[in-house]
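Chemist: Kindly generate the corresponding structure for this input.
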Amino acid sequence: MEVSRTAETIMDMAEMLIQTRGYNSFSYKDISEAIGIRNASIHHHFPSKTDLGVAVVKRYTLRFGQELHRLASDDSLPTMTVFERYLDPYRMLSDSQQRVCLCGSLAGEFLALPEEMRDQVNAFFAEHQSWLKAIFERALQTGEFDLPETPAKTAKLVLAALQGALLIQRSMGDIEEFDDVVASVKAMLTRNGSA
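Modeler: Okay, here's the model as predicted:
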């Protein structure tokens, strides 16, 4: 379905507000003032805040999902290179020091979210865990990684570490937080000295 430029601009602003403030801490008025349109225009594209929230999470998940598929389908890349490229969006968020992963932010207020949004947030994390599990299975088969646990458990650990590092970095203001966590994760994955 084709989305208008205005709807994209609204979703861009909503995504930024969720990543910096949280879903329950902004209103349509915040969006209308930030991008210079009337509330009625936002309601035209997204009748309710839930509609907007679901659209933003779906778009975010789709963007990530397309990149995950592209990365996983390139068998010529060493697994560590694939993993490094997976980290790129996290690094961009880390560099901003104010924004966190959209779904990481939403997970922090999960019980206060509309059910439709909870389903989308769950789908995002399930997709990432499944993708990481597949990448770690590949790395075990090629002998590139020496995992501390099963691929499924390692995927859960790594995803939690990345999401947590972004949140803690923002909280503590330590610009090295994310890099330190990534370095530890990579060392854990390659304990046998391969990389």
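Chemist: middle-most residue in this structure, spatially?
Modeler: Residue closest to the average C-alpha location in the chain (CA atoms, centre = their mean): Cys101, at 4.2 Å.
Chemist: was I right about that residue contacting Leu166?
Modeler: Yes - using CB atoms under 8 Å, Cys101 makes contact with Leu166 at a distance of 6.0 Å. From N, CA and C alone the C-beta is placed, and that goes for glycine too.
Chemist: Mutual contacts of those two, please.
Modeler: 90, 93 (CB atoms under 8 Å, 6 or more residues apart in numbering).
Chemist: picking up where we left off before, OK, contacts around the residue nearest to the centre of the chain?
Modeler: Counting by CB under 8 Å, 6+ apart, Cys101 touches 19, 90, 93, 162-163, 166.
Chemist: Distance check, it against Ile35.
Modeler: 23 Å (CB to CB, to the nearest Å).
Chemist: Which other helices and strands does the longest helix along the chain contact?
Modeler: Secondary structure assigned by DSSP state H gives helix 115-142 as the longest helix of the chain. In terms of contact count using 3 or more CB pairs under 8 Å, 6 or more residues apart in numbering; DSSP states H and E, helix 115-142 is assigned the packing partners helix 49-72, helix 79-96, helix 102-107, helix 151-172.
Chemist: looking at the ones you listed, which is buried most?
Modeler: Burial of the helices and strands packed on helix 115-142 is given as mean neighbour count (mean count of other CB atoms under 10 Å); helix 102-107 ranks first at a mean of 23.
Chemist: neighbouring contacts of stretch 38-58?
Modeler: Identification of contacts with stretch 38-58 by CB under 8 Å, 6+ apart yields 4, 6-7, 10-11, 14-15, 18, 23, 27-29, 31-32, 102-103, 106, 113-114, 116-117, 120-121, 124.
Chemist: ok, now with 7 Å
Modeler: For stretch 38-58, the surrounding residues in contact (CB atoms under 7 Å, 6 or more residues apart in numbering) are 6-7, 10-11, 14-15, 18, 23, 28-29, 31-32, 102-103, 106, 114, 116-117, 120-121, 124.
Chemist: got the end-to-end distance for it?
Modeler: End-to-end distance for stretch 38-58, by CA to CA, to the nearest Å: 24 Å.
Chemist: Contacts only, for Gly104.
Modeler: Applying CB under 7 Å, 6+ apart, we find Gly104 in contact with 163, 166-167.
Chemist: Give me the spatial nearest neighbour of Thr190, chain neighbours excluded.
Modeler: Spatial nearest neighbour of Thr190, excluding adjacent residues (CB to CB, 6 or more residues apart in numbering): Phe145 at 6.1 Å.
Chemist: Who are the contact partners of the one you found?
Modeler: Each residue near Phe145 by CB under 7 Å, 6+ apart is listed here: 79, 136, 139, 189-190.
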